[in-house]
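[1] okay, predicted coordinates and the sequence, questions at the end:
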Amino acid sequence: MADYLARLNAEQRLAVETLDGPLLVLAGAGTGKTRVLTTRFAHILLTGRAWPSQVLAVTFTNKAAREMRERVSALLGRPADGLWLGTFHALSARMLRAHAALAGLSPNFTILDTDDQIRLLRQLMEAARLDIKRWPPATLAGVIQRWKDRGLTPARVTAAEDTDFAAGQARALYADYQARLATLNAVDFGDLLLHVIELLRAQPDLLAEYRRRFRYILVDEYQDTNVAQYLWLRLLAEGHRNLCCVGDDDQSIYSWRGAEVENILRFERDFPGARIVRLETNYRSTPAILAAAAGLIAHNEGRLGKTLRPGIAAAGEKVAVVGVWDSDEEARMVGGRIEALRAEGHKLAEIAVLVRAGFQTRAFEERLLTLAIPYRIVGGLRFYERQEIRDALAYLRVLAQPADDLAFERIVNLPRRGVGETALRSLREAARAAGIPLAAAAGALLERGALRGPARAGLTGLLRDLDRWHGVLDAQGHVTAAETVLDESGYSAMWQADKSADAPGRLENLKELVRAMAEFETLGGFLDHVALVTETETDAAEDRVNLMTLHGAKGLEFDTVFLPGWEDGVFPNLRAMDAGGAKGLEEERRLAYVGLTRARVRAIVSHAAHRRIYANWQDSVPSRFLDELPEAAVVRSGAIAAGGMARIAAPPPRLAGAWELAPRPAPAAAFAAGARVFHEKFGYGTVTAAEDHRLEVAFDKAGTKRVLDGFVSAA
DNA sequence: CTCGGCAGAATTTTT
DNA sequence: TTCTGCCGAG
């Protein structure tokens, strides 16, 4: 037997060697899912069943794709080139670039990010005279995205689906939006998949070609696929049906993004004759941690059901549940324990603080900063989302694709060159009238002598510059072109002249951007990377504590995991619950399960009785998940702040602080229209409209406002 | 056209 | 507390 097979246990080997026909691998946390996937990949190649270019391997994150590529090449003993391995979006982009014309696009189409989408939608909504205060463009972006997640083009959205937003205008706006994207030669994230699906459906020859090419299909994190992704996979796999999906229904945490756990629950029905292999031996966590996680997840209904068996013998430390007075003390507690671990010789990189929502990392950052403990924020502010980077990218996008009006609008007056709102309005008008891009319209207007003053001078200069930069791009490549653009546009100079504290950092980021470009052969390749690879490269080599969200932690593991903020409303998150109801709560529980199972040797769960929201303090109640942890697997303790020093109370079965006795409030009673309420700032008022947690309140003194119900109390 | 100051509202997760 | 967006003055 090949030695790479000998390293697997029986269930893993079965998952690797079952090659023909549909296969679902149900892989519990820490059961060697990635090993199975990569070994299977290598096995297909090494047994000569397919060439590297004949295997399609789909992951959810670029990180997972990278890791798989590395591990496959390690197994093969050579670089794994020519693979179709990547995220759904990256693979779709690759297919779409190759057949753009069939989708009505030119191959240099732009991939818009969320920010661009929202800008575009705002324009459309303003044109439609919608009140963007009342109906935020970002909400519409969400509605459209969810339709796209479900594979719905505007024509397929029924009127019954279109009631929630702006009295049923979302569908029409969606159609406008798609039309606008077509003229911009642009696609958004959802379009990447949607266009490919439409393409495969409309072009039988193309579909047949792809089906012939991809003899084996591997899918990671199948529980997180949405309908569009499911349709995409199904189209490609339907011929030979050599489809292997790996997933864990207990780790499905992306339903808010359109993921359908049902996809995994339904696999056998979708692919009759499918085999199912369960991986249930956990080699990651101690039995104590596993017991805690298992006890928690057992409270969910609608699972496929797996029993995780510990693959590690020593019982290990119990999960610590720590109650503290307030959020400041929680940060001190976590910081203190990290210091102690460091003093004992533990590596900081093996410690993670996993929070429910991004803003929660802040408190820990501050604490670690004062303790001089190095940390990194994983998935926090992303490089390509920074203002200066997006500005620079807009310049490059205009060079790559002159029809990219969104990018053009962004840079047309940046740095200031006298092209204000008035000039821009006539530009837009001319562009719309002639059905041409803004840049082209600018040229036409200038020729006609239509503009005057600073706007004329500014635009003339910009168009001349763009023309010259095109020459630089063609003659000297994209790196030199980028340097030239940043220099000659005055953009770098703008930041050099800026005296604010973050200006030097921004200039440094711009340099970093140019450096990053050198790794790509073409400008287009680089821009695709930017659009599709949202995560920041973090040098894992440095020994730093990891701060991240629970979502961001999926697929990772650490010796020590801190899980702060286990309080009702924070975690389980209030909004997640009222958006998703009972299902929402189950997803929150799966998130908790994901968090616990990241830990190899120790997990510290904490909750605070008081949490500072902005300036004021709010009482909070321990998370219901704490009650669901089996007693045998946890040690509970309360810590009470006294004179600035944290003192750990003797560990009673339940913690001792008085705050803990507070009864859990009934699920937030939504206020109905007519209810009298009191608001910290606006005083007394009467509710005039209520939907979910959003209230419209006519205040006696402050007028009518829209507020969240958390900010008011019954009067 | 640009800039500075003020008012008002704010909390989820991301390919 | 922090951010964004609006408005008025220069």
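    Thanks, I have it.

[2] beyond the longest helix along chain A, next helix or strand please.
    Counting residues, the longest helix in chain A under DSSP state H turns out to be helix A:453-488. Toward the C-terminus, helix A:453-488 is succeeded by helix A:491-497 as the next helix or strand (DSSP states H and E).

[3] contacts for that next one?
    The contact list for helix A:491-497, computed with C-beta atoms under 8 Å, 6 or more residues apart in numbering, reads A:388, A:391-392, A:395, A:414-415, A:485-487, A:503, A:506-507, A:510. (C-beta placed from N, C-alpha, C; glycine too.)

[4] of all these, which comes closest to A:V219?
    Proximity of the contacts of helix A:491-497 to A:V219 (C-beta to C-beta) peaks at A:A392, which lies at 35.6 Å.

[5] following element in sequence after whichever strand or helix holds the closest one, please.
    Per DSSP H and E: A:A392 is located in helix A:387-400. In the C-terminal direction, the helix or strand that comes right after helix A:387-400 (DSSP H and E) is helix A:405-411.

[6] residue of chain A nearest DNA strand B, please.
    Taking C-beta to the nearest atom of the strand, DNA strand B has its nearest neighbour within chain A at A:G420, 2.3 Å off.

[7] quick check: which ranges of chain A have low pLDDT?
    For chain A, the stretches flagged by pLDDT under 70 are A:380-381, A:534-540, A:615, A:639-671, A:678-683, A:689-697, A:699-715.

[8] so in it, which strand runs the longest?
    strand A:599-612 (DSSP state E).

[9] for the next helix or strand after it, the distance to its chain's centre please.
    For strand A:599-612, the succeeding helix or strand toward the C-terminus, using DSSP H and E, is strand A:617-619. Between the centre of strand A:617-619 and the centre of its chain there are 29 Å (C-alpha atoms, centre = their mean, to the nearest Å).

[10] direction included, what does strand A:617-619 pair up with?
    strand A:599-612 (antiparallel) (DSSP bridges).

[11] helices and strands around the helix holding A:A392, which ones?
    Contact analysis of helix A:387-400 by 3 or more C-beta pairs under 8 Å, 6 or more residues apart in numbering; DSSP states H and E lists helix A:405-411, helix A:453-488, helix A:491-497, helix A:503-517, helix A:523-532 as its packing neighbours.

[12] so which bits of the third one are buried?
    Buried residues in helix A:491-497, counting neighbours by 16 or more other C-beta atoms under 10 Å, are found at A:Y491, A:S492, A:M494, A:W495.

[13] go ahead and produce PDB holding the CA coordinates of that helix.
    This file holds the C-alpha atoms of helix A:491-497, laid out as PDB (Å, rounded to 0.1, in the frame of the first residue of the first chain):
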ATOM      1  CA  TYR A 491      -2.300  61.100  -5.500                       C
ATOM      2  CA  SER A 492       0.900  60.300  -3.600                       C
ATOM      3  CA  ALA A 493       1.700  64.000  -3.200                       C
ATOM      4  CA  MET A 494      -1.800  64.500  -1.700                       C
ATOM      5  CA  TRP A 495      -1.000  62.100   1.100                       C
ATOM      6  CA  GLN A 496       2.500  63.500   1.500                       C
ATOM      7  CA  ALA A 497       1.000  66.900   2.000                       C
END
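
[14] and DNA strand B, is the helix holding A:A392 touching that?
    No. If you take C-beta under 7 Å from any atom of the strand as the test, helix A:387-400 misses DNA strand B, and the best it gets is 14.3 Å.

[15] rewinding a little: using TSV, please lay out the contacts of helix A:491-497 together with distance to A:G581 and neighbour count.
    Output for these, formatted as TSV (distance: C-beta to C-beta, whole Å; neighbours: other C-beta atoms under 10 Å):
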residue	distance to A:G581	neighbour count
A:E388	42	21
A:D391	42	21
A:A392	44	23
A:Y395	46	23
A:L414	45	16
A:P415	50	14
A:V485	50	25
A:L486	50	24
A:D487	55	11
A:A503	47	15
A:R506	44	21
A:L507	49	16
A:L510	46	21
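
[16] same list, those residues, but as a markdown table with distance to A:F88 please.
    Shown next, in a markdown table, are those (distance: C-beta to C-beta, whole Å):
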| residue | distance to A:F88 |
| --- | --- |
| A:E388 | 30 |
| A:D391 | 29 |
| A:A392 | 28 |
| A:Y395 | 29 |
| A:L414 | 34 |
| A:P415 | 38 |
| A:V485 | 32 |
| A:L486 | 33 |
| A:D487 | 38 |
| A:A503 | 38 |
| A:R506 | 33 |
| A:L507 | 36 |
| A:L510 | 31 |
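
[17] among these, which one sits closest to A:A298?
    A:E388 (49.0 Å).

[18] measure that closest one to A:T59 for me?
    Separation of A:E388 from A:T59 (C-beta to C-beta, to the nearest Å): 30 Å.

[19] ok, now A:R212?
    Distance from A:R212 to A:T59, by C-beta to C-beta: 23 Å.

[20] got it, and A:R180?
    A:R180 is 31 Å from A:T59, where distance means C-beta to C-beta.

[21] more neighbours: the two, which one.
    A:T59 (25 against 17; other C-beta atoms under 10 Å).

[22] residues in contact with the more buried one?
    Residues in contact with A:T59 (C-beta under 8 Å, 6+ apart) are A:A65, A:M68, A:L85, A:G86, A:T87, A:D220, A:E221.

[23] so the last one touches A:K63, yeah?
    No. Contact between A:E221 and A:K63 fails when scored by C-beta atoms under 8 Å: they sit 11.7 Å apart.

[24] between the two, which one's more packed in?
    A:E221 (24 against 19).

[25] can you report how many residues neighbour the residue nearest to the more buried one when sequence neighbours are not counted?
    Spatially, and ignoring its direct neighbours in sequence, A:E221 is nearest to A:F60 (4.7 Å; C-beta to C-beta, 6 or more residues apart in numbering). Burial of A:F60 is recorded as 21 neighbouring residues (other C-beta under 10 Å).

[26] do A:D131 as well
    A:D131: 10 neighbours (other C-beta under 10 Å).

[27] quick one: the helices in the stretch 201-350 of chain A?
    A:204-213, A:227-237, A:261-265, A:267-270, A:287-297, A:327-343 (DSSP state H, counting those that start in this stretch).

[28] report all helices and strands that the second one contacts.
    To tie it back to what came earlier, the one meant is helix A:227-237. Looks like helix A:227-237 contacts helix A:88-98, helix A:137-149, helix A:189-202, helix A:204-213, strand A:216-219 (3+ C-beta pairs under 8 Å, 6+ apart).

[29] quick check: angle from that helix to helix A:204-213?
    Angle of helix A:227-237 versus helix A:204-213, following axes from the mean of the first three to the mean of the last three C-alpha atoms, to 10 degrees, is 80 degrees.

[30] touching DNA strand B at all, helix A:227-237?
    No. Counting by C-beta under 7 Å from any atom of the strand, DNA strand B is not contacted by helix A:227-237; separation bottoms out at 9.0 Å.

[31] fine by me, thanks again.
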